[in-house]
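In: Compute the structure for the input listed below.
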Amino acid sequence: MIIRKIMGAALTLSLILVLFWGLSLTDSTPVNARSRYAPLQMASLPEVISPATDAKLKVLAQALALVEEQYVEPKTPKDLIYGAIQGAVSTLDSHSSFMTPEEYRELQIETKGKFSGIGIEITLKDRILTVVSPIEGTPAYRAGLLAGDQIVKINGAPTKNMSLTEAVKSIRGPKGSKVTLTINRHGFTQPKDFVIVREIIPIRSVKARVVNDGIGYIRLANFQDQTDTDLQNYLKKMQQRLKPFKGLILDLRNDPGGLLEQAVRVADEFLNSGLIVYTEGRTPHQSMRFYAHPGEKLGVPIPMVVLINEGSASASEIVAGALKDQKRAIIIGTKSFGKGSVQTIIPLEDGSALRLTTALYYTPSGTTIQDKGIVPDEVVKEKEIPAGKSLQKVREESLNKHMRKEGLTDRPWTQPITAAELDQDPQLKRAVELIRNWPPKKLAQQAK
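Out: Take a look at the predicted model:
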């Protein structure tokens, strides 16, 4: 029987744990890693099908046979089997999906660190296709897309009931081609079309600058497989340059996430002990705990402020949550997005794969990240858009600065951030003030 053959193929498959936030539209999967896969362990699925399940499979086989034989248009067994799997997975949460062999191959290919697309991360939030974060400097960012924007149409096709995989396939495309996204946003009287030209988008994970008075600034754009190494290199350079090294600002704003392993390593760089994050699922191997390790670390003794906003998701929320719960850093900005579920990729015999939500992430204090996000210790909103200017205009001006190497992280990392630059960024300015007056009153009270 076809159905039993496919189920049998899933009995001894390797599980691959992926921490990502949805799918990246810089091509098709999250933009924030070259390699998305961290081998977990071999799947141990039931080798014996229960009588109740076997009876239901017979009903399914009968239904598929009837469709194959009597439907008005011919359908292949492959079409019917894939359709049945997609139908089953669609009854689950919005992050679970079925990938055809072609889609699964693309997911594996699209982890090389260079992508063709528009530069956004998306997810299904309350079953609505939603922008997690536009990536700074990309076509989506320049067009004025925002975290929380709802994509109601892609090239005129409604996205209702569209899977993440289908959405990604519709939005991605070759360099120079155009895609039209119809966006609904709080404050819009009606949805608005954004016509965006796709580009090749290289991704730099870690950027840095310094502030006068011995303060370092590091921005993580995403969590790639070299993020921890690049972070350590900048910390080493800062320790050599800043005498004394009075504090560090870790900017996780609009960081859509990436590799779980990298999130743990980044948090570990600033902790010498304690829990970083844990997961809980239905099976024992999905319930895991990740701890900081003792040792000499460049980032451990340094006073810290972490910046987050509604575009901070997944891996960045794990880092912010760990440093907050361990009272290692002050978190300022606005509440993060709230993507805290574990997706496991399970390859199937014919080259297709299931992407299943198998667990949830929790901060050390036991707070779930999913749908809750990380609440900052101090809420500081981003600068208001000047009257008479559109967001797109502001971002075009920002891009022009970037092209002239005048953006915050486009200048040499050793060049101090100026007072004028701080005035343009209230959240960063407040972070600098906190470190200059360290320890903050709240942190001092916690230490008593």
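In: tell me the mean pLDDT over stretch 367-378?
Out: Confidence for stretch 367-378, expressed as mean pLDDT, is 94.
In: Contacts for it next, please.
Out: Contacts with stretch 367-378, where a contact means CB atoms under 8 Å, 6 or more residues apart in numbering, come from 308, 310, 312, 317-318, 320-321, 324-325, 330-341, 360-363, 430, 442. For glycine as for every other residue, the C-beta is placed from the backbone atoms N, C-alpha and C.
In: The chain: helices as residue ranges?
Out: Along the chain, the segments classed as helices by DSSP state H run 2-8, 51-70, 77-89, 101-109, 139-143, 164-171, 227-241, 260-268, 315-325, 391-403, 419-423, 426-436, 441-447.
In: out of those, which comes closest to residue 197?
Out: helix 139-143 (5.8 Å; CB to CB).
In: What helices and strands are in contact with the closest one?
Out: strand 128-134, strand 192-197, helix 391-403 (3 or more CB pairs under 8 Å, 6 or more residues apart in numbering; DSSP states H and E).
In: re the thing from before, tell me which of the helices of the chain is the most buried.
Out: helix 315-325 (a mean of 28; mean count of other CB atoms under 10 Å).
In: That one to helix 260-268, inter-axis angle?
Out: Per axes from the mean of the first three to the mean of the last three CA atoms, to 10 degrees, the angle that helix 315-325 makes with helix 260-268 is 30 degrees.
In: From the contact counts, what lies against helix 315-325?
Out: Counting by 3+ CB pairs under 8 Å, 6+ apart, the packing neighbours recorded for helix 315-325 are helix 260-268, strand 275-281, strand 304-308, strand 330-333.
In: Can I get the ones you listed in TSV including distance to residue 88 and mean pLDDT?
Out: Listed next are those as TSV, based on distance: least, CB to CB, whole Å; pLDDT from 0 to 100:
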stretch	distance to residue 88	mean pLDDT
helix 260-268	26	95
strand 275-281	19	96
strand 304-308	36	98
strand 330-333	40	97
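In: ok so, going back, can I get the helices of the chain in TSV with distance to residue 249?
Out: Below are the helices of the chain laid out as TSV (distance: least, CB to CB, whole Å):
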stretch	distance to residue 249
helix 2-8	51
helix 51-70	54
helix 77-89	41
helix 101-109	34
helix 139-143	21
helix 164-171	33
helix 227-241	11
helix 260-268	14
helix 315-325	12
helix 391-403	20
helix 419-423	11
helix 426-436	5
helix 441-447	15
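In: and of these, who's closest to residue 379?
Out: Each of the helices of the chain has some distance to residue 379 by CB to CB; the shortest is helix 426-436, at 9.8 Å.
In: what is the rounded mean pLDDT of that closest one?
Out: 96.
In: and that helix with strand 304-308, angle?
Out: Here helix 426-436 runs at 170 degrees with respect to strand 304-308, directions being taken by the same axes, to 10 degrees.
In: In CSV, list the C-alpha atoms belonging to helix 426-436.
Out: The C-alpha trace of helix 426-436 is given here as CSV (Å, rounded to 0.1, in the frame of the first residue of the first chain):
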residue,chain,number,x,y,z
PRO,A,426,16.8,57.5,21.2
GLN,A,427,17.2,53.9,22.2
LEU,A,428,20.9,53.8,21.6
LYS,A,429,21.3,57.2,23.3
ARG,A,430,19.5,55.9,26.4
ALA,A,431,21.8,52.8,26.4
VAL,A,432,24.9,55.0,26.4
GLU,A,433,23.5,57.1,29.3
LEU,A,434,22.9,53.9,31.3
ILE,A,435,26.4,52.7,30.9
ARG,A,436,27.9,56.1,31.6
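In: Contacts made by it with the rest, please.
Out: Here helix 426-436 makes contact (CB under 8 Å, 6+ apart) with 211, 213, 215, 217, 246-249, 251, 253, 303, 305, 307, 309, 330, 332-333, 378, 380-383, 408, 417, 422-423, 440.
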